[in-house]
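Student: whatever this is, show me its structure:
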Amino acid sequence: MQCPACQNTDSRVLESRSADAGKSVRRRRECLNCNFRFTTYERIETMPLSVIKKDGTRELFNKEKLITGISRACEKTTFSSEAIINFVDSIESQILQDSNKDIKSSHIGELILENLRKENEVAYIRFASVYRKFNGVNDFIATLQSLKGNSKNQLASIL
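Tutor: I've put the predicted structure just below:
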């Protein structure tokens, strides 16, 4: 590792610890030439993920877009900003587990809906209304009835 102060490539590791919830390693180093101390991070190198949009175009996966969309759906709900970040991290992990590095935007949307349905019904309805392009009250009613029907099925399986 090259020292940022003198560009010498010889350094020793003083301390290593896990960072980013175990996704990287943080190392404190000391240059053997000038004794300058600096921090480095070691992460797994991942291949970029391409998202195939509905019109067939491709763009790089952008986690910030997910955070923005889910934040809008979760406004005025019990979801904290930290919970939203954790939710998006969970979605990203599920996407990255797929060995295919090209993923359809529709698959990402359905994955979000599936997970939101379990977490918060209001956020689910809001996200679904935009994602599925609700045209009127009937679309809302149909989605609410499917939620209500699912709740009854879950209740029946518990009893």
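
Student: in contact with residue 104, which residues?
Tutor: 51-52 (C-beta atoms under 8 Å, 6 or more residues apart in numbering). C-beta here means a position set from N, CA and C on the backbone, and glycine is covered the same way.

Student: distance of it from residue 58?
Tutor: 10 Å (C-beta to C-beta, to the nearest Å).

Student: overlap in contacts, the two.
Tutor: 51-52.

Student: ok, residue 117 - how many residues close by?
Tutor: The local packing of residue 117 (other C-beta atoms under 10 Å) involves 17 other residues.

Student: again with residue 81
Tutor: By other C-beta under 10 Å, neighbour count at residue 81 equals 10.

Student: which parts of this protein are helices?
Tutor: Taking DSSP state H to define them, one finds helices in the chain at 63-73, 81-97, 105-119, 121-131, 137-158.

Student: quick one: the first one to helix 105-119, angle?
Tutor: Looking back up the chat, that one is helix 63-73. Inter-element angle recorded for helix 63-73 and helix 105-119: 40 degrees (by axes from the mean of the first three to the mean of the last three C-alpha atoms, to 10 degrees).

Student: elements contacting helix 63-73?
Tutor: When contacts are defined as 3 or more C-beta pairs under 8 Å, 6 or more residues apart in numbering; DSSP states H and E, helix 63-73 packs onto helix 81-97, helix 105-119, helix 121-131.

Student: please name whichever of these is nearest to residue 18.
Tutor: helix 81-97 (15.7 Å; C-beta to C-beta).

Student: tally up the residues packed near the nearest residue to residue 33 once chain neighbours are set aside, please.
Tutor: In space, and not counting its chain neighbours, residue 33 is closest to residue 8: 3.8 Å by C-beta to C-beta, 6 or more residues apart in numbering. Residue 8 has 14 neighbouring residues, counting by other C-beta under 10 Å.
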